[in-house]
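Colleague: Quick one: sequence and predicted model below, then my questions.
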Amino acid sequence: MQRYSASDGDLGNHVRDLHFTDDYTLLVAAEERGVSRLSWSADVAEQPQMVSVRAAHGLLSDGIHQILPDGHGWLWMSTNLGIFRVRQRELLAAADPLGGGDPSALNLPSFLSQDCVARCEWQRTVKNIYSTALSFSTQINAAAALNVSVTPAQFTLAGGASQTLAIRAEALVGIAPEAVETVRIALRSSGLPDTLLSGALAGINGRIPNELRINGVGLTGAQTQRGLSLGALSVSNLGARVGGAVTGTVRAQTLIQDNDTNPFNGPTGVLTGLVPVAANAPALIAEVLSTTAADLDLFVGPDLNADGALQANEVLCTSASEAAIERCKVDAPAAGNWIVLLQNYTASAPGAADQIRLSYAALTRNPAGNLSAAAPAGIQAWTPFDLQVTWNFATQADNPPRYGFIEITEANQVRAGFALSIYPAAGPGLLFANGFE
């Protein structure tokens with residue numbers, strides 16, 4: 001018996017699948033090392049040559065679960081990020097250094113980087129396989145939380161000519177851990193089907209919260225958030241840019257139980273609010289501050305048909321646990337009117353009119369003079385840093401929540417951002433997102 005493992009070469013130990021391409025070549029799918037090519041000479045007793053192709057080289061993920069050939073020259077692979085395909089001859093050539101191959105030269109129509117933080121860059125080369133010149137334009141389909149560009153955005157290729165594209169993606173807000181934001185880029189030329197490039201940005205970057213919540217403080221105060229990190233990113237000109245804290249609209253009233261389970265069919269047992277959202281708003285927050293009800297459900301979405309009501313097909317955020325304190329946060333909402341709908345699903349007692357305190361607001365990136373943040377001048381990669389947040393709010397009845405937005409910048413370019421919710425005097429409970437304390 002012969003055993004091969006990571007101690008023998010460029011091979012993962014957590015093997016998920018095997019695929020023989022010929023008598024002397026084996027592809028190994030591993031959970032942590034992408035796809036490894038093991039090549040033997042005619043003497044299979046020799047130690048094989050081992051070369052891995054990974055996400056850094058263009059695979060969709062380093063965790064490959066299965067490899068399936070389709071009989072037409074493509075290898076289909078499954079991952080935790082979905083499925084993708086690669087031409088078998090291109091993968092074998094890239095993983096064959098004796099034949100002049102280089103895994104970094106693999107030119108796949110997918111892109112993922114596990115070494116970038118907040119901003120990621122890739123290069124891909126496309127070729128005109130026709131004999132006549134063709135003009136191309138690019139169309140980008142990405143989550144609103146991402147700013148994606150392709151350079152050049154338009155180009156013309158002579159027959160057989162190639163063009164290198166520079167792809168850049170920046171996260172406008174923090175991506176929650178384990179979350180994945182996808183990017184699709186279509187290359188379009190008149191009369192031809194689109195050529196698609198796809199990629200993903202995952203929430204594995206540094207230590208920046210998606211949201212920070214501060215409860216039970218005065219109208220004037222400061223707090224230092226410790227242990228932030230931009231991961232692998234070194235920054236010599238670090239800064240913090242603040243969107244002024246806006247005051248939440250608080251609806252305090254009584255609400256009876258809805259007479260059925262459908263929250264969208266009438267006014268009984270529901271409370272609705274209109275939230276105007278400006279262009280480039282970083283987030284929209286709606287939350288139950290307090291209630292006597294046993295179970296409330298919260299729904300948020302844009303008023304697409306401009307009828308002033310929320311329909312089921314317009315809902316983009318649902319918070320419907322079996323408890324009464326519900327909360328919705330929508331990152332990068334589209335500009336326009338949004339509807340917040342709160343349903344008294346189960347009253348505290350039959351026929352009871354329960355007390356409800358609901359707050360909602362659209363955040364802004366514009367300063368208002370009531371919130372500031374201070375960061376160190378520069379940081380090294382993987383080095384934690386502190387951020388001091390200072391606020392000064394005017395006195396208002398019932399001390400409504402204030403909602404702000406903070407962006408971590410490098411030479412005024414955004415590298416990360418997160419929402420900040422402050423609850424003066426009393427609020428829904430101290431909570432720091434992502435386990436922060």
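Modeller: That came in fine, so what should we check first? Residues are numbered from 1 along each chain as shown.
Colleague: contact partners of stretch 65-79?
Modeller: Under the contact criterion CB atoms under 8 Å, 6 or more residues apart in numbering, stretch 65-79 has outside partners 16-19, 27, 29, 31, 35, 59-61, 63-64, 80, 83-89, 91. For every residue, glycine as well, the C-beta is placed using N, CA and C.
Colleague: average pLDDT across that stretch?
Modeller: In this model, stretch 65-79 has a mean pLDDT of 89.
Colleague: buried stuff in it?
Modeller: Ile67, Trp74, Leu75, Met77, Ser78, Thr79 (16 or more other CB atoms under 10 Å).
Colleague: Let's see the host helix or strand of Leu91 as CSV, backbone CA atoms only.
Modeller: Using DSSP states H and E, Leu91 sits in helix 88-94. The C-alpha coordinates for helix 88-94 follow below in CSV (Å, rounded to 0.1, in the frame of the first residue of the first chain):
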residue,chain,number,x,y,z
GLN,A,88,-9.9,19.7,-18.5
ARG,A,89,-7.0,20.4,-20.9
GLU,A,90,-6.5,23.9,-19.5
LEU,A,91,-6.5,22.6,-15.9
LEU,A,92,-4.0,19.8,-16.7
ALA,A,93,-1.7,22.2,-18.6
ALA,A,94,-1.7,24.8,-15.8
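Colleague: Widest-spaced pair of the buried residues of stretch 65-79?
Modeller: Greatest spacing in the buried residues of stretch 65-79, by CB to CB: Trp74 and Thr79 (15.6 Å).
Colleague: pLDDT wise, what is Ala179 at?
Modeller: On the pLDDT scale, Ala179 gets 61.
Colleague: Okay, now the unreliable bits of the stretch 101-250 of the chain?
Modeller: Applying pLDDT under 70 to the stretch 101-250 of the chain picks out residues 101-119, 145, 171-180, 200-206, 232.
Colleague: all strands of it, in order?
Modeller: Secondary structure of the stretch 101-250 of the chain, counting by DSSP state E, counting those that start in this stretch: strands at 110-111, 119-127, 134-142, 146-151, 154-157, 162-171, 180-188, 195-202, 211-217, 220-228, 238-247, 249-256.
Colleague: Point out the most buried one among these.
Modeller: Comparing the strands of the stretch 101-250 of the chain by mean neighbour count (mean count of other CB atoms under 10 Å), strand 110-111 comes out on top with a mean of 22.
Colleague: same for the helix holding Leu91, what does it pack against?
Modeller: When contacts are defined as 3 or more CB pairs under 8 Å, 6 or more residues apart in numbering; DSSP states H and E, helix 88-94 packs onto strand 35-39, strand 74-79.
Colleague: wait, isn't Arg402 in contact with Val246?
Modeller: Yes. In this structure, Arg402 is within contact of Val246 by CB atoms under 8 Å, at 6.9 Å.
Colleague: burial count for the closest residue to Thr247 other than its chain neighbours?
Modeller: Sequence neighbours aside, Pro400 is the residue nearest to Thr247 in space, at 5.3 Å (criterion: CB to CB, 6 or more residues apart in numbering). Neighbour count of Pro400, defined by other CB atoms under 10 Å: 21.
Colleague: just Leu192 next, same as before
Modeller: 11.
Colleague: What are the neighbouring residues in contact with the closest residue to it other than its chain neighbours?
Modeller: Nearest non-adjacent residue to Leu192, counting by CB to CB, 6+ apart: Leu134, 7.4 Å away. Going by CB under 8 Å, 6+ apart, Leu134 touches Asn128, Thr156, Leu157, Ser189, Leu192.
Colleague: give me every residue that touches the first one.
Modeller: Okay, so that is Asn128. Leu134, Leu157, Ala158, Gly159, Gly160, Ala161, Ser162.
Colleague: mind listing the strands for the stretch 251-400 of the chain?
Modeller: With DSSP E, counting those that start in this stretch, the ranges of strands along the stretch 251-400 of the chain come out as 270-277, 283-291, 295-302, 317-319, 327-331, 336-346, 353-362, 371-374, 385-392.
Colleague: Show me the domain layout of this protein.
Modeller: 6-108, 119-202, 211-246+365-435, 251-272+282-354 (automatic domain parsing).
Colleague: related to what we said a few turns ago, just the contacts of Leu134 now: which is nearest Thr395?
Modeller: Using CB to CB, the contacts of Leu134 come closest to Thr395 at Ser189, 61.7 Å.
Colleague: So what pairs up with the closest residue to Glu410 other than its chain neighbours in the strands?
Modeller: Leaving aside its chain neighbours, Glu410 sits nearest to Val235 (4.6 Å; criterion: CB to CB, 6+ apart). Taking DSSP bridges as the rule, Val235 bridges to Ile379.
Colleague: thought Val235 was touching Gln413?
Modeller: No. With contacts counted by CB under 8 Å, Val235 stays clear of Gln413, the gap being 9.9 Å.
Colleague: out of the two, which sits in the busier spot?
Modeller: Just comparing Val235 and Gln413: by other CB under 10 Å the higher neighbour count belongs to Val235, 24 against 13.
Colleague: give the contact list for that one.
Modeller: Gly378, Ile379, Glu410, Arg415.
Colleague: Likewise for Asp62?
Modeller: Glu31, Glu32, Arg33, Gly34, Arg54, Ala55, Gln114.
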